[in-house]
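J.: model the structure of this input:
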Amino acid sequence: MDSNHYASAVAANIETARRQSGLTKLSLAASSGIPRTSLDRKLNGRGDFTVREITALATALGTTPHALVTTRDVSAAA
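T.: Just a heads-up that it's a prediction; the model follows:
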């Protein structure tokens with residue numbers, strides 16, 4: 001899995017967790033301490049999340065960093 005695909009998969013995991021938690025992007029940004037514009041940009045694939053941001057997002061979403069960064073590379077499984 002290339003790094004761009006991985007970053008997109010992590011962003012999708014975060015977005016899924018955000019929706020499941022019922023948080024808006026604005027409330028997630030506020031509770032994680034990540035500026036809303038930065039969060040939007042990274043969720044839209046125009047930047048990578050730092051380890052610190054993943055940790056803050058996991059805390060805000062009530063999950064673990066591992067859950068946000070774990071992806072399934074279906075091309076490797078084939």
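J.: all the helices of this structure, residue numbers only.
T.: Assigned by DSSP state H, the chain shows helices spanning 3-21, 25-32, 36-43, 51-61, 65-69, 74-77.
J.: including mean pLDDT, could those helices go into a markdown table?
T.: Listed next are the helices of the chain as a markdown table, based on pLDDT from 0 to 100:
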| stretch | mean pLDDT |
| --- | --- |
| helix 3-21 | 92 |
| helix 25-32 | 97 |
| helix 36-43 | 96 |
| helix 51-61 | 98 |
| helix 65-69 | 96 |
| helix 74-77 | 48 |
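J.: residue contacts, the most centrally placed residue in the chain?
T.: In the chain, the residue lying closest to the centroid (CA atoms, centre = their mean) is residue 14, at 3.1 Å. By CB atoms under 8 Å, 6 or more residues apart in numbering, the residues touching residue 14 are 43, 49, 57, 61, 68. The C-beta positions use only the backbone N, C-alpha and C, and glycine is treated the same way.
J.: what is the burial count for the first one?
T.: Going back to what we said before, that points to residue 43. Counted with other CB atoms under 10 Å, the neighbours of residue 43 add up to 19.
J.: can you check the last one too?
T.: Summarising burial for residue 68: neighbours were counted as other CB under 10 Å, giving 21.
J.: one step back: how close does the residue nearest to the centre of the chain sit to residue 56?
T.: Residue 14 is 11 Å from residue 56, where distance means CB to CB, to the nearest Å.
J.: could you do residue 65 as well?
T.: Residue 65 is 9 Å from residue 56, by CB to CB.
J.: and if you look at residue 22?
T.: Residue 22 is 18 Å from residue 56, by CB to CB.
J.: the two - which one has more neighbours?
T.: Neighbour count, other CB under 10 Å: between residue 22 and residue 56, residue 56 has more, with 18 against 7.
J.: adding distance to residue 30, write the contacts of residue 14 out as CSV.
T.: Listed next are those as CSV, based on distance: CB to CB, whole Å:
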residue, distance to residue 30
43, 15
49, 17
57, 12
61, 13
68, 18
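J.: how close does residue 70 sit to residue 40?
T.: 23 Å.
J.: likewise for residue 65?
T.: Remark: distance between residue 65 and residue 40 (CB to CB) = 21 Å.
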